[in-house]
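A.B. asks: 3D model of this:
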Amino acid sequence: MTDSGSVDDSAWTARRIRASWSSVLLAIGSIVAVVLAFGLVGRASQPIGWALASATTAMIVTPVVGLLSRWAPRAVAILLTVIAGIAIVASVGVGLVLEIQDQLDELADALPAAAAELQEADGPDGVFDQIGLESLVEDLVDQSRERIAPDPIDGAVGTAPAFFVSGILVIFLIVWGPRMYDGLCRQIEDRRRREWFQHLATTSVGLTQRYVVGALAVAAVTGVAGAGLAWWADLPTPLVLGAVLGAAGVVPYVGVLVGGVPLLLLSAASEPATTTGLLALAVVGLQAASTVATRRLIEARSFRVGPAVIVIAALIGSDVYGIGGALVAIVGVILVAAGIDTATDGEPGAADDEQSIDQGGGGRSPLSPGAS
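C.D. replies: Numbering: from 1, shown residues only. Have a look, this model is predicted:
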């Protein structure tokens, strides 16, 4: 800078950044790798979905195998679990799913018709007409259909290869999962870090197993009760109404109330006000019972998961892979929440030398009997 305050251009030195050919090639290669990765994930969505569903099923079924292993060898326990699962799917699951699919189409037509009838009965200046109840219900039904089975996977769900490959993966994970976990633990050389990782993995999986099994049990009871209420009120598609109520019951504290809306909508359009009022009281009672069961039977034995977390996971999972993706996403987010809850408790104390990996193994695996 000169005495007059002007800037002297000669005092500035121009600097040029020169990129080597290796840096340019590395940047281009990274971009190409990301694009290819996204393309591969998109084209391999079915195998990835099968693998995630198999891992989720194996984690949920493992406590059953561990329970049976108390009275029989582990190989026999796995065989009995697989046979029981195949029998349930073949005898009950397939027939029930086919019946629900048939009733689902009927419900998709009945709900907009019921909404239109209520809107017409309320009058042109009524609340239903102002909010556009009929169009709102039609949009919700269309979105629900797309999320239950998106177009890219609609033809793949229920095929024999999907069940066969997924079943083999489930058996593989149950049999070899503990050894894979032990091998992973042995890669951590530091003893304290290894013990902390074992504590984190085992506790997180155990909490997730207890929460998911308890939530599924509560949802099943809620769904059966909802189907019974629909049958008592002589409403169409009682199985689907019960399934909707049970699936919504997975969301704690508010799920049953939201899942009972289709039930009450159909009742309000076709049944007397007394019947609709009794159904509303029953739905509130189911929600209260579900809340008590969630707090005293599930959260008391595991940990607390907020409803927003489950709703967001279900929306994302269903948008990617339908109803199966929603279930896998819910289990995944519960596992992550359990890991965070476990990690925030702090590191466990140092284990006895006799229990360390150096004295004979990688610790108890999350997929081993009694891990939960």
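A.B. asks: Let me know the pLDDT of T276.
C.D. replies: Confidence at T276, expressed as pLDDT, is 91.
A.B. asks: what does the one 5 residues further on give?
C.D. replies: In this prediction, L281 carries a pLDDT score of 95.
A.B. asks: who does the helix or strand harbouring it touch, helix- and strand-wise?
C.D. replies: Per DSSP states H and E: L281 is located in helix 273-293. When contacts are defined as 3 or more Cβ pairs under 8 Å, 6 or more residues apart in numbering; DSSP states H and E, helix 273-293 sits against helix 191-232, helix 255-259, helix 261-270. All C-beta spots, glycine's among them, are computed from the backbone N, C-alpha and C.
A.B. asks: Please identify the buried residues of that helix?
C.D. replies: T275, T276, L278, L279, A280, A282, V283, L286, Q287, S290, T291, A293 (16 or more other Cβ atoms under 10 Å).
A.B. asks: thinking again about what came up before, which among the helices and strands packed on helix 273-293 is found nearest to G246?
C.D. replies: G246 sits nearest to helix 191-232 of all the helices and strands packed on helix 273-293, at 2.3 Å, using Cβ to Cβ.
A.B. asks: Distance check, the residue nearest the centre of the chain against R210.
C.D. replies: Nearest residue to the geometric centre of the chain (Cα atoms, centre = their mean): I330, 2.2 Å. Using Cβ to Cβ, to the nearest Å, I330 is found at 15 Å from R210.
A.B. asks: For stretch 86-102, what does the pLDDT average out to?
C.D. replies: Taken as a whole, stretch 86-102 has an average pLDDT of 67.
A.B. asks: now stretch 297-305
C.D. replies: When pLDDT is averaged over stretch 297-305, the result is 90.
A.B. asks: same deal with stretch 228-247?
C.D. replies: Average pLDDT, stretch 228-247: 89.
A.B. asks: likewise stretch 166-179?
C.D. replies: Per-residue pLDDT over stretch 166-179 has a mean of 86.
A.B. asks: Check stretch 264-272 too.
C.D. replies: For stretch 264-272, the per-residue pLDDT averages 87.
A.B. asks: okay, it in CSV with CA atoms only?
C.D. replies: C-alpha atoms of stretch 264-272 as CSV (Å, rounded to 0.1, in the frame of the first residue of the first chain):
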residue,chain,number,x,y,z
LEU,A,264,-65.1,-45.6,12.8
LEU,A,265,-65.5,-44.0,9.4
LEU,A,266,-67.2,-47.1,8.0
SER,A,267,-69.4,-47.4,11.1
ALA,A,268,-70.5,-43.8,11.0
ALA,A,269,-71.5,-44.1,7.3
SER,A,270,-73.5,-47.4,7.6
GLU,A,271,-74.4,-48.1,11.3
PRO,A,272,-76.4,-46.3,14.0
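A.B. asks: one step back: looking at the helices and strands packed on helix 273-293, which is nearest to I168?
C.D. replies: Proximity to I168 (Cβ to Cβ) singles out helix 191-232 among the helices and strands packed on helix 273-293, at 21.7 Å.
A.B. asks: In terms of pLDDT, where does G346 sit?
C.D. replies: Reported pLDDT for G346: 60.
A.B. asks: what do you get for T13?
C.D. replies: Note on T13: pLDDT of 54.
A.B. asks: got it, and S144?
C.D. replies: Per-residue confidence (pLDDT) for S144: 70.
A.B. asks: Which element, helix or strand, includes it?
C.D. replies: Using DSSP H and E, S144 falls in helix 133-148.
A.B. asks: what residues does that helix touch?
C.D. replies: Applying Cβ atoms under 8 Å, 6 or more residues apart in numbering, the contact partners of helix 133-148 are 104, 108, 111-112, 114-116, 118-119, 265, 315, 318-319, 322-323, 326.
A.B. asks: ok and it relative to helix 261-270, angle-wise?
C.D. replies: 140 degrees (axes from the mean of the first three to the mean of the last three Cα atoms, to 10 degrees).
A.B. asks: quick one on the thing from earlier: nearest to V218, of the contacts of helix 133-148?
C.D. replies: A326 (17.2 Å).
A.B. asks: Summarise which helices and strands the helix or strand hosting that closest one is packed against.
C.D. replies: Under the criterion of DSSP H and E, A326 resides in helix 307-343. Helix 307-343 makes packing contacts with helix 45-68, helix 133-148, helix 151-154, helix 191-232 when contacts are defined by 3+ Cβ pairs under 8 Å, 6+ apart.
A.B. asks: What spatial separation is found between V61 and I316?
C.D. replies: 25 Å.
A.B. asks: Give me the more crowded residue out of the two.
C.D. replies: V61 (22 against 15; other Cβ atoms under 10 Å).
A.B. asks: Next up, the contacts around the more buried one.
C.D. replies: T81, G85, V170, I174 are the contacts of V61 under Cβ under 8 Å, 6+ apart.
A.B. asks: And those, which is closest to V218?
C.D. replies: Nearest member of the contacts of V61 to V218, counting by Cβ to Cβ, is G85, at 20.9 Å.
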